[in-house]
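> structure, please.
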Amino acid sequence: LFCSQNYPLYIRSVPTENELKFHYTVHTSLDVVDEKISAMGKALVDQRELYLGLLYPTEDYKVYGYVTNSKVKFVMVVDSSNTALRDNEIRSMFRKLHNSYTDIMCNPFYNPGDRIQSRAFDTMVNSMMMQVC
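Predicted coordinates for the structure are as follows:
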């Protein structure tokens, strides 16, 4: 999860031994997200689809993107060998993440732009990751 200025609000990776590699992959995908957003043009901003789809595949991973109306970016890296995940499942996972993020934003004790340190959000992300693995 990245704010509109591209600094991380929340990063989670499983397995943790290649965490730096995932960080690099996610940060490089932000350029692709920005390209896709700018390619949509200013006229389509109100009607834009939040789900960006497959940003780019690599040999080992597939990188997917999602952008909220407030320009918060969600990036998901999935193992390429996982053929059980289809576009609809990825889209619903992003919707679930977006709903949980909205719940965090509604919390009066959360300052927008701070790192997310919510146990409820963490639990939801962990359960979603265990479904995929």
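> which regions of the protein sit below the pLDDT cut-off?
The model of the chain has pLDDT under 70 over residues 41-48, 133.
> for the helix ranked longest in it, the distance to its chain's centre please.
Criterion DSSP state H: the longest helix present in the chain is helix 19-40. Computed by Cα atoms, centre = their mean, to the nearest Å, the chain-centroid distance of helix 19-40 equals 10 Å.
> in this structure, which spans are strands?
Chain-ordered strands for the chain, with DSSP state E as the definition, fall at 51-57, 61-67, 73-79.
> about what we covered before: check which helices and strands the longest helix of the chain sits against.
Contacts defined by 3 or more Cβ pairs under 8 Å, 6 or more residues apart in numbering; DSSP states H and E place helix 19-40 against strand 51-57, strand 61-67, strand 73-79. For glycine as for every other residue, the C-beta is placed from the backbone atoms N, C-alpha and C.
> hmm, who's touching it?
For helix 19-40, contacts defined as Cβ atoms under 8 Å, 6 or more residues apart in numbering pick out 2, 6, 11, 13, 48, 52, 55-56, 58, 61, 63, 65, 67, 71, 73, 75, 77.
> which among these end up buried?
2, 13, 52, 55, 61, 63, 65, 67, 73, 75, 77 (16 or more other Cβ atoms under 10 Å).
> surely the fourth one meets Tyr66?
By that I understand Leu55. No: applying Cβ atoms under 8 Å, one finds Leu55 not in contact with Tyr66, separated by 10.0 Å.
> overlap in contacts of those two?
Val75.
> now find how far off-centre stretch 31-43 is within its chain.
Centroid separation for stretch 31-43 versus its chain: 16 Å, with Cα atoms, centre = their mean.
> buried stuff in that stretch?
When burial is assessed from 16+ other Cβ under 10 Å, stretch 31-43 yields the following buried residues: 32-33, 37.
> one more: stretch 120-130?
Within stretch 120-130, the residues scored as buried using 16+ other Cβ under 10 Å are 121, 124-125, 128.
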